[in-house]
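# Sequence and predicted structure below; questions after.
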Amino acid sequence: MQKLEVRLKQVSMPELPVEERLRTFNEVALGYSEEQALAEAARCLQCTRPLCVEMCPLHIDIPEFIKLIRLGNYTEAAEKIRQKNCMPSVCGRVCPQEALCAMGCKNTIGDPINIGALERFVADWELETGVRVPEVAPSTGKSVAVVGSGPAGLTVATELAKMGHHAVVFEALHEPGGVLIYGIPEFRLPKRVVKQEIDYVKKLGVEIKTNIIVGKTLTIDDLFDEGFNAVFIGTGAGLPKLLGIPGESLCGVYSLNEFLLRINLMKANLFPYKSKTPIKVRGRVAILGARGMDAARAALRLGVDEACIFYQRKVVGRADDIRRGLEEGVKLYPSTKPIRLIGDEKRWVKLVELVKLKPGQPDRTGKVKLIPEPGSEFLYSAETVIIATEHIPNTIVAANTTRNIKIAKKNKTIIVNQENLEAANGIFAGGDVVSGAASVIKAIEAGKRAAQSINAYITKH
Ligand code: SF4
């Protein structure tokens with residue numbers, strides 16, 4: 001086995017040069033080579049009380065998989081991760097490790113271990129050399145309908161399949177993967193990686209049906225009538241919440257979801273040669289809201305003159321992706337709030353009026369609210385505007401059912417029993433549809449918990 005190496009700095013991951021990034025949608029982070037992975041793994045202290053594991057929402061045995069890397073046993077390292085996480089190649093790319101496992105890393109003599117890069121290395125190794133599909137339990141004869149094929153739904157289906165239950169996933173779009181396919185751009189998460197992870201789920205016996213909108217094409221009642229023993233709702237939070245300011249219906253104004261979906265799912269960046277879906281984006285682009293980094297980076301790849309994110313406090317995203325966005329030329333304008341959008345005579349957006357914000361008085365909890373600074377209004381000329389604020393769940397799934405699914409008035413999330421994630425008798429829900437827009441890893445965690453609850457429910461009924 002490789003010895004512990006006292007190397008203070010993380011082994012950096014190779015990346016596409018900036019000029020090349022802006023010409024393509026190819027993945028920016030290129031992943032560790034074997035030599036780099038071994039060098040980074042050699043830095044791990046193999047702590048006896050590893051806080052990295054405690055901070056990982058899935059409690060993956062991180063020191064153990066790193067030890068297996070040091071032994072050169074990459075397949076077993078990947079299997080060690082896969083015992084807890086059915087999508088390691090995805091999580092190795094999109095998890096905000098700096099706020100999770102790497103934050104807990106006790107490597108006090110240097111940078112935290114780049115756990116995400118090591119996870120990605122072994123997971124990609126496994127996908128390239130062939131994933132060993134684990135034995136599943138003998139069939140129980142029970143079946144579960146899983147509504148939504150994002151990370152929560154795919155995790156529930158995987159876990160239930162391993163327990164011997166038949167899981168059928170219903171997806172509204174023509175491709176499975178949910179937010180992994182429509183929400184995260186190719187330059188952060190290549191679609192081939194998502195497809196390979198979905199292939200693994202299918203090999204466990206999970207059935208996936210696309211182009212079915214539960215709540216419209218068929219209802220939750222229909223699913224029970226068809227003989228499913230339980231239903232899981234994992235439809236995410238993909239409905240845009242607009243700003244409620246004048247001018248949002250002007251031409252050239254997109255919601256974040258529409259903008260990314262056109263590119264990620266419909267390949268509008270390849271229009272007209274390889275895609276029938278156009279996207280009109282030009283000039284300067286104003287991205288209004290903290291969730292806009294992916295959109296800004298995508299807009300720059302489409303050749304716009306400038307992409308500027310206007311937001312209040314903090315841009316949402318992984319530290320590496322924010323750094324890469326800034327390297328690519330994304331501009332940030334914090335402490336600002338849009339007031340209105342102004343169009344030309346053809347109703348095409350041409351200006352955004354914003355106001356600067358300053359700290360107000362702390363409220364009862366001590367939180368300082370940002371308030372408009374009088375007289376600080378200013379105009380930003382933009383021919384494209386992307387509204388990148390909060391997303392909320394689409395509640396159509398709960399339509400036309402006799403089951404009493406409760407929806408929170410304020411943010412449209414499904415209300416569940418926090419103990420077992422049950423929303424109504426035999427109906428469970430988890431991921432963004434319950435928590436509001438959060439991270440992929442949180443959705444996977446919810447999927448695992450829900451699978452345990454569903455197993456307990458269908459075993460009794
Ligand atoms: S806390 Fe850091 S150094 Fe310790 S086992 Fe985990 S990854 Fe290794």
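Noted; the coordinates are in hand. Numbering: from 1, shown residues only.

# so Phe187 touches Arg21, yeah?
Yes - if you go by CB atoms under 8 Å, Phe187 and Arg21 touch, sitting 6.9 Å apart. C-betas here are computed from N, CA, C, even on glycine.

# which residues are in contact with both of these two?
Common neighbours of Phe187 and Arg21 (criterion: CB atoms under 8 Å, 6 or more residues apart in numbering): 28, 301.

# For Glu258, see how far away Ala451 is.
Ala451 sits 32 Å away from Glu258, going by CB to CB, to the nearest Å.

# Of these two, which one has the most company?
Taking other CB atoms under 10 Å, Ala451 and Glu258 do not tie; Ala451 has more neighbours (27 against 14).

# I'd like to know how far that one sits from the ligand.
From Ala451 across to the ligand, the span is 27 Å (CB to the nearest ligand atom, to the nearest Å).

# First residue to last residue on stretch 57-64, what's the distance there?
By CA to CA, to the nearest Å, the extent of stretch 57-64 from end to end equals 17 Å.

# Now do the buried residues in it.
Buried residues in stretch 57-64, counted by 16 or more other CB atoms under 10 Å: 57-58, 60-63.

# ok, of these, which one's closest to Gly183?
Taking CB to CB as the measure, Gly183 sits nearest to Pro57 out of the buried residues of stretch 57-64, at 19.2 Å.

# pLDDT score assigned to the closest one?
The model reports Pro57 with a pLDDT of 93.

# Chain neighbours aside, what residue packs nearest to Glu186?
Nearest in space to Glu186, with sequence neighbours left out and distances taken as CB to CB, 6 or more residues apart in numbering, is Phe25 at 4.4 Å.

# show me where the stretch 151-300 of the chain has strands.
Secondary structure of the stretch 151-300 of the chain, counting by DSSP state E, counting those that start in this stretch: strands at 166-170, 207-209, 230-233, 239-240, 253-255, 284-288.

# And the pLDDT for Glu258?
Glu258 is given a pLDDT of 92.

# residue contacts, it?
Counting by CB under 8 Å, 6+ apart, Glu258 touches Pro240.

# So what angle separates the directions of the lengthiest helix in the chain and strand 166-170?
Criterion DSSP state H: the longest helix present in the chain is helix 440-460. Comparing the axes of helix 440-460 and strand 166-170 via axes from the mean of the first three to the mean of the last three CA atoms, to 10 degrees yields an angle of 130 degrees.

# what comes up buried for helix 440-460?
Buried residues in helix 440-460, defined by neighbour count with 16+ other CB under 10 Å: 440-451, 453-455, 457-458.

# same check, this time on stretch 399-409
Neighbour-count burial for stretch 399-409 [16+ other CB under 10 Å]: 401, 405, 407.

# could you list every residue that touches the nearest residue to the last one once chain neighbours are set aside?
Residue nearest to Ile407 in three dimensions, not counting chain neighbours: Thr395, with 5.3 Å by CB to CB, 6+ apart. Applying CB under 8 Å, 6+ apart, we find Thr395 in contact with 407, 412, 414.

# and with 10 Å instead?
Thr395 makes contact with 215, 235, 239, 405, 407-408, 412-414, 433 under the criterion CB atoms under 10 Å, 6 or more residues apart in numbering.

# Against the ligand, how distant is it?
Computed as CB to the nearest ligand atom, the Thr395 to the ligand distance reads 41 Å.

# how much space between that residue and Ile405?
Distance, Thr395 to Ile405, by CB to CB: 9 Å.

# Overlap in contacts, the two.
Ile414.

# Just the CA atoms of stretch 264-275, as CSV, please.
Provided in CSV are the C-alpha atoms of stretch 264-275 (Å, rounded to 0.1, in the frame of the first residue of the first chain):
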residue,chain,number,x,y,z
ASN,A,264,-29.3,20.8,-21.6
LEU,A,265,-32.2,18.7,-22.7
MET,A,266,-33.2,20.0,-26.2
LYS,A,267,-29.6,20.9,-27.2
ALA,A,268,-30.5,24.3,-28.4
ASN,A,269,-26.8,25.2,-28.5
LEU,A,270,-26.6,22.9,-31.6
PHE,A,271,-29.6,24.6,-33.4
PRO,A,272,-30.2,24.4,-36.4
TYR,A,273,-27.8,21.7,-37.4
LYS,A,274,-28.4,19.0,-34.7
SER,A,275,-31.4,20.4,-32.8
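
# for that stretch, which positions count as buried?
264-269, 271.

# Stretch 195-215 too?
196-198, 200-202, 204-206, 208, 213-215.

# Can you get me the start-to-end distance on that stretch?
Length of stretch 195-215, first residue to last, CA to CA: 26 Å.

# I'd like to know the average pLDDT value across it.
Mean pLDDT, stretch 195-215: 94.

# got it, and stretch 91-102?
For stretch 91-102, mean pLDDT is 92.

# Could you check how far it is from the centre of its chain?
For stretch 91-102, the separation from the chain centroid amounts to 12 Å (computed by CA atoms, centre = their mean, to the nearest Å).

# Identify each buried residue in the longest strand belonging to the chain, please.
Looking across the chain with DSSP state E, the single longest strand is strand 349-362. Neighbour counts over strand 349-362 (16+ other CB under 10 Å) mark 349-357 as buried.

# Return the list of helices and strands in contact with that strand.
On a contact count with 3 or more CB pairs under 10 Å, 6 or more residues apart in numbering; DSSP states H and E, strand 349-362 meets strand 284-288, strand 306-310, strand 336-343, strand 368-372, strand 378-381, strand 384-387.
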